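# I'll drop the sequence and a predicted model, then ask my questions.
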Amino acid sequence: MADGHRDPNDQDLLDHLPDPCFLIDPETGRILVANAAAAELLGYTPEELERLTVRDLHPFEMQDYERFTELVLRRGNALVSGLTCRTRDGRFVPAEINARSLVHQGRRCVLATARATGDRSAEEAVNMPVSRQAFNAIQEQLASTRFLLHHAPENIFWARPDGRIIYANQTLADALGVPCEELEQARIWDLDADLKEDEFPAHVAEFRRQGRMRFERRMRRADGSTFPVSVTMQLLHDSDREVIISFSRDVTEEVRARDEAQQYLSELARVSRQSTISEMASAIAHEIDQPLTAMLAWTSSCLRLLDHPDASPARLRQGLEGSLASAERIHGIVSRLRHYIKTGEPRRQATQVPELMNACRDLILAQARYHGVDYKDRFESELPPVHADSLLIQQVILNLARNAMDAMETSATQGRRLRIAIATNDGDHVVFRVSDSGPGISESHRERLFEPLFTTRDKGLGIGLSLCQSIIKSHRGEIWIDEPGDLPGTTFCFSLPVARSDRTAGD
């Protein structure tokens with residue numbers, strides 16, 4: 001093979017191989033030796049093939065071929081599928097190329113074997129004779145399409161169902177700091193920081209069931225750092241093969257803005273909680289005063305009994321137990337109050353509705369007694385847990401309850417009633433209904449109730465209902481005014497999504 005002449009021993013060796021084989025000069029792309037199987041596949045004689053270059057056989061995919069050759073020389077071997085080989089009569093045969101680098105007779109060469117893919121052999125390939133003008137037009141169109149795909153603004157890759165990536169565009173390579181050639185030898189879980197190898201088969205099964213899926217993940221850069229992306233993946237069928245196509249975009253700024261909005265909402269809720277406590281101070285003082293007075297009375301009674309030598313131990317026990325019960329009542333009210341006004345990180349998780357209501361019931365009862373309001377709550381048995389930040393939802397409940405009591409200030413004391421009812425509506429949401437027996441809301445005010453700074457009260461700030469709406473929407477729920485039910489006044493409703501096993505805390 002020295003000086004460009006074929007060595008008969010090389011030819012005899014390759015002719016004994018059943019697959020089409022080529023010995024190629026990687027610098028010029030010239031075919032140095034081709035075996036009989038290669039000549040039969042493409043319709044040339046071996047001698048004719050040795051006057052050609054790889055550009056003559058892969059006219060549409062030279063960029064892919066050049067990258068493939070670089071990978072072979074760097075790694076020693078590589079496999080690529082999806083190339084097409086042009087036959088002598090102008091047809092195109094899809095092929096899979098397996099190549100390895102070797103040194104033969106003192107020069108660096110590439111030994112490539114080809115395997116026709118698809119359902120058709122070379123003799124059955126689609127007849128596609130084209131003129132030079134049409135050929136150039138097709139070549140330009142494919143080159144333009146490939147360029148646009150390679151430099152598209154979104155991160156794009158294609159993969160097999162086993163997770164092996166077979167194409168990655170330059171945008172993805174730049175985002176990860178990894179060359180395209182290395183990405184095309186990687187697996188999906190090498191890129192996806194949230195995916196484990198043993199979890200991937202279940203993802204593929206879900207792709208087959210749904211066809212297309214959208215989700216947020218974290219991608220891993222070459223330096224080990226990660227960044228959030230919004231991903232759309234789709235499973236397509238290419239002849240008898242399946243291909244996973246992934247489009248993703250960096251959403252770092254969106255996630256940061258979302259986190260900042262959540263922190264702002266939490267801070268606004270904290271300020272609103274403090275405002276609520278300030279307005280409820282008199283009611284809470286009245287609530288504590290009653291058990292405190294009782295505790296003082298029981299303690300004084302016990303002291304008087306101790307002055308009598310024949311004091312009954314049973315009466316002393318009764319006094320101490322009464323005093324202890326009053327102290328525990330005060331402790332419960334204070335504990336609920338401290339839990340309510342504390343500043344905590346927003347955390348949405350599976351929350352039991354009874355526990356949610358128990359946490360704010362004492363505060364509602366304290367204000368209800370102070371305003372002479374008959375308060376009751378009821379909910380279905382075995383309610384499913386909701387996906388919620390309990391502190392923020394307590395704020396919504398207390399705001400609505402406080403608004404209802406304020407609305408009943410002009411009503412007769414005997415007729416002031418407040419009801420909170422909780423039930424599921426469609427299996428996916430739990431609905432809270434807060435109803436009062438006040439005068440109701442005029443139609444002209446209904447449309448503006450949730451606007452910031454709009455209020456119907458002389459001393460109102462107009463942030464309560466707006467805050468409630470922001471909190472509920474951030475929980476992927478809804479808040480609205482419903483038609484009156486058992487009570488003639490106003491009914492506010494809000495819904496929260498039922499907690500699902502596929503949600504994580506903080507979602």
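Perfect, I can see it now. Numbering: from 1, shown residues only.

# And stretch 474-494, how far out from the chain middle?
Relative to its chain's centre, stretch 474-494 lies at 30 Å (C-alpha atoms, centre = their mean, to the nearest Å).

# buried residues in that stretch?
Buried residues in stretch 474-494, counted by 16 or more other C-beta atoms under 10 Å: 474-475, 477, 479, 481, 487, 489-494. (C-beta placed from N, C-alpha, C; glycine too.)

# What of stretch 245-264?
So, applying 16+ other C-beta under 10 Å, buried residues of stretch 245-264: 246-248, 250-251, 255, 262.

# Please put the alpha-carbon coordinates of it into CSV.
Below are the C-alpha coordinates for stretch 245-264, written out as CSV (Å, rounded to 0.1, in the frame of the first residue of the first chain):
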residue,chain,number,x,y,z
ILE,A,245,-35.6,13.4,21.4
SER,A,246,-34.9,15.9,24.2
PHE,A,247,-35.3,19.7,24.0
SER,A,248,-34.4,21.7,27.1
ARG,A,249,-33.6,25.3,28.1
ASP,A,250,-31.9,26.9,31.0
VAL,A,251,-34.4,28.3,33.5
THR,A,252,-32.0,29.5,36.1
GLU,A,253,-33.3,33.1,36.0
GLU,A,254,-36.9,31.8,36.1
VAL,A,255,-36.2,29.6,39.2
ARG,A,256,-34.4,32.5,40.9
ALA,A,257,-37.3,34.9,40.2
ARG,A,258,-39.8,32.2,41.5
ASP,A,259,-37.8,31.7,44.7
GLU,A,260,-37.6,35.5,45.2
ALA,A,261,-41.3,35.8,44.7
GLN,A,262,-41.9,33.0,47.3
GLN,A,263,-39.6,34.7,49.8
TYR,A,264,-41.5,38.0,49.2
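
# Give me the residues contacting it.
With C-beta atoms under 8 Å, 6 or more residues apart in numbering as the test, stretch 245-264 has contacts from 153-159, 172, 175, 188, 216-217, 219, 227-236, 346, 474.

# model confidence over that stretch, on average?
Per-residue pLDDT over stretch 245-264 has a mean of 83.

# can you list the weak-confidence ranges in the stretch 151-300 of the chain?
238-240, 261-262, 264-287, 289-290 (pLDDT under 70).

# in it, which spans are helices?
For the stretch 151-300 of the chain, helices defined by DSSP state H, counting those that start in this stretch occupy the ranges 170-176, 180-183, 188-191, 200-210, 252-306.

# So which of the buried residues of stretch 245-264 are in strands?
Under the assignment DSSP state E, these contribute 246-248, 250 to strands.

# Tell me the one among these nearest to Ser335.
Nearest to Ser335 among these, counting by C-beta to C-beta, is Asp250 at 45.4 Å.

# Let me know the distance separating the closest one from Glu154.
9 Å (C-beta to C-beta, to the nearest Å).

# picking that back up, of the contacts of stretch 245-264, keep whichever come out buried.
By 16+ other C-beta under 10 Å, the contacts of stretch 245-264 give 154-159, 172, 175, 188, 217, 219, 227-231, 233, 235, 346, 474 as buried.

# which residues does the residue nearest the centre of the chain form a beta bridge with?
What sits nearest the mean C-alpha location of the chain, by C-alpha atoms, centre = their mean, is Glu216, with 3.4 Å. Beta-bridge pairing for Glu216 (DSSP bridges): Ser230.

# That one reaches Val229, doesn't it?
Yes: the pair Glu216 / Val229 is scored as a contact, 7.0 Å apart, by C-beta atoms under 8 Å.

# now do the same end-to-end measure for stretch 102-111.
7 Å (C-alpha to C-alpha, to the nearest Å).

# should've said stretch 384-397
18 Å.

# I'd like to know which elements the strand or helix carrying Leu363 is packed against.
When elements are assigned from DSSP states H and E, Leu363 belongs to helix 353-371. Here helix 353-371 touches helix 252-306, helix 313-341, strand 374-379, strand 386-388, helix 390-407, strand 417-424, going by 3 or more C-beta pairs under 8 Å, 6 or more residues apart in numbering; DSSP states H and E.

# Only C-alpha atoms, please: export it in CSV.
Provided in CSV are the C-alpha atoms of helix 353-371 (Å, rounded to 0.1, in the frame of the first residue of the first chain):
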residue,chain,number,x,y,z
VAL,A,353,-56.5,19.1,57.2
PRO,A,354,-57.6,18.4,60.9
GLU,A,355,-54.1,19.4,62.1
LEU,A,356,-54.3,22.5,59.9
MET,A,357,-57.6,23.5,61.5
ASN,A,358,-56.5,22.6,65.0
ALA,A,359,-53.5,25.0,64.7
CYS,A,360,-55.7,28.0,64.2
ARG,A,361,-59.0,27.0,65.9
ASP,A,362,-58.1,28.6,69.3
LEU,A,363,-57.3,31.9,67.6
ILE,A,364,-60.6,31.9,65.7
LEU,A,365,-62.5,31.0,68.9
ALA,A,366,-60.8,33.7,70.9
GLN,A,367,-61.9,36.4,68.4
ALA,A,368,-65.3,34.8,67.9
ARG,A,369,-66.1,35.0,71.7
TYR,A,370,-64.8,38.5,71.8
HIS,A,371,-67.1,39.6,69.0
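
# Go ahead and measure how far that helix is from the middle of the chain.
Distance, centroid of helix 353-371 to centroid of chain: 35 Å (C-alpha atoms, centre = their mean).
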